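*Asks:* I'll drop the sequence and a predicted model, then ask my questions.
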Amino acid sequence: VQLVESGGGSVQAGGSLRLSCASSGWRYISNCMAWFRQAPGKEREGVAAVYTGTSLRMTAHFAEGRFTISQDNSKKTTYLQMNSLELEDSGVYYCAASPAQWAELNQRSYTYWGQGTQVTVS
């Protein structure tokens, strides 16, 4: 299974970025995909998750109203649209895949992880 993130970069506060996670070697449909992030010196935390079977979503409180997770089942790709970025949003963003049949942000449920993509907000 491969999860390859892209779309990270540097952006000014208030700006937007769209992250992508391309999946391969994995049954994308009817599983759970999520984005997590880790800032320097902090623990990794969940950002948003989607159950690809029904598009049911879960979003962390800090991301509500600013971040949106979505998926393209035909491309086996998961996206994270991030708007109104704040300094505190800086960190490495990871894509993860879980066999869970619902949307959740419990890291222990996630079997596969991407290498991460850096997001820097200044």
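*Replies:* Looks like it came in fine. Numbers count the residues shown, from 1 in each chain.
*Asks:* Closest to the centroid, which residue in this structure?
*Replies:* Nearest to the geometric centre of the chain sits residue 35, at 2.1 Å (CA atoms, centre = their mean).
*Asks:* Excluding residues flanking it in the chain, which one is nearest the residue of the chain most remote from its centre?
*Replies:* Most distant from the centre of the chain: residue 122, at 20.6 Å, with distances by CA atoms, centre = their mean. Leaving aside its chain neighbours, residue 122 sits nearest to residue 12 (6.2 Å; criterion: CB to CB, 6 or more residues apart in numbering). Glycine gets a C-beta too; all of them are placed from N, C-alpha and C.
*Asks:* Please enumerate the strands of the protein.
*Replies:* According to DSSP state E, the chain carries its strands in the segments 2-6, 9-11, 17-24, 32-38, 45-51, 56-59, 67-72, 77-82, 91-98, 112-113, 117-121.
*Asks:* for the record, mean pLDDT for the fourth one?
*Replies:* For strand 32-38, the mean pLDDT works out to 97.
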